[in-house]
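A.B. asks: structure here, sequence nowhere to be found:
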């Protein structure tokens, strides 16, 4: 699933290749990925110029200006599990599961939204609606200060892994980078979030920023579906230290990596580097996915 580094890579690609260009026409091939009326979506976005790009956590927003008296709009993009937003020559054949085409008015290129599992979505929003969406998210995981992070953890009863995945608490982390950050900080994923000592909270905050920045610098992680806007996979997978490495040796101590379910999600950890706490957080229910 695309997480913060993957979405940030897409944002940077759009900033480099699409900022300032105009969406001349919109073709909705699969209306179920549009979280509004598809005809209104196409009408409101068509003819607009991309004036800005914004990301918070895993949510991306393209600021659109119509060039007339109409108010600006925001194209909200959530890639979900398998969503892809690519810049493609208009004459290229359509791949299966291509749901939306945004034709650009120059150079014969278009943005295509493709999503085999259809958990992602596109939405045209007013500025007020876009702000409401962003306010519903917790602080961005790359931008939250150490003080804000420590305060947010205090008093939390659930497992730290579940807290890290809660987008209303901290926006941007998913299974991959939560596991990697916890390993970096030497914290077991079932540790009660509110019981983490102050020094370990500092280490975890630093670990999150370190892991995310490394992944951003390498254009994210690709296992199967994720690609950047030019169709290239991310380069971070060889740097993964615990995620997806069950039974393989820990890169620190060679102990086999283990996997355990935390809040309904697979969590990978080293039992020696991340010792199991005496008190395990009570199991939590997986949160429903946001639209």
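C.D. replies: That came through, no problem. Remember, predicted model here, so these are calculated numbers, not experimental data.
A.B. asks: list the contacts of whichever helix in the chain runs longest.
C.D. replies: The longest helix of the chain (DSSP state H) is helix 198-217. Residues outside helix 198-217 that contact it (Cβ atoms under 8 Å, 6 or more residues apart in numbering): 4-5, 8-9, 141-142, 144, 146, 149-150, 153, 160, 164, 172-173, 177, 180-182, 184-187, 196, 221, 234, 236, 239. C-betas here are computed from N, CA, C, even on glycine.
A.B. asks: got it, and stretch 245-263?
C.D. replies: Stretch 245-263 has contacts (Cβ under 8 Å, 6+ apart) with 158-159, 161-162, 165, 189-190, 241-242, 266-273, 283-286.
A.B. asks: can you do 6 Å?
C.D. replies: 159, 161-162, 189-190, 241-242, 266-268, 270-273, 284, 286 (Cβ atoms under 6 Å, 6 or more residues apart in numbering).
A.B. asks: need the max-distance pair from those.
C.D. replies: Greatest spacing in those, by Cβ to Cβ: 272 and 286 (28.0 Å).
A.B. asks: the more surrounded of these two?
C.D. replies: Set side by side, residue 272 and residue 286 show more neighbours around residue 272, with 14 against 11, by other Cβ atoms under 10 Å.
A.B. asks: how close does the nearest residue to that one once chain neighbours are set aside get to residue 176?
C.D. replies: What sits nearest to residue 272 in space, not counting adjacent residues and going by Cβ to Cβ, 6 or more residues apart in numbering, is residue 255, at 4.3 Å. To residue 176, residue 255 is 21 Å away according to Cβ to Cβ, to the nearest Å.
A.B. asks: higher neighbour count, those two?
C.D. replies: residue 176 (25 against 13).
A.B. asks: okay, and that one sits in which element?
C.D. replies: Per DSSP states H and E: residue 176 is located in helix 175-185.
A.B. asks: show me where the stretch 51-200 of the chain has helices.
C.D. replies: Ranges of helices within the stretch 51-200 of the chain are 127-135, 146-153, 160-165, 175-185, 198-217, based on DSSP state H, counting those that start in this stretch.
A.B. asks: save the ones you listed as JSON lines, and put in mean pLDDT and distance to residue 59 too.
C.D. replies: As requested, the helices of the stretch 51-200 of the chain are exported to JSON lines (pLDDT from 0 to 100; distance: least, Cβ to Cβ, whole Å):
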{"stretch": "helix 127-135", "mean pLDDT": "96", "distance to residue 59": "7"}
{"stretch": "helix 146-153", "mean pLDDT": "94", "distance to residue 59": "19"}
{"stretch": "helix 160-165", "mean pLDDT": "97", "distance to residue 59": "15"}
{"stretch": "helix 175-185", "mean pLDDT": "98", "distance to residue 59": "16"}
{"stretch": "helix 198-217", "mean pLDDT": "97", "distance to residue 59": "15"}
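A.B. asks: which stretch among those comes nearest residue 36?
C.D. replies: helix 127-135 (9.7 Å).
A.B. asks: next one: that closest one to chain centre, how far?
C.D. replies: Here helix 127-135 is found 17 Å from its chain centre; the criterion is Cα atoms, centre = their mean, to the nearest Å.
A.B. asks: give me the residues contacting it.
C.D. replies: Outside helix 127-135, the residues that touch it by Cβ under 6 Å, 6+ apart are 56, 61, 74.
A.B. asks: in strands only, show me those.
C.D. replies: Cross-referencing the contacts of helix 127-135 against strands under DSSP state E gives 56, 61, 74.
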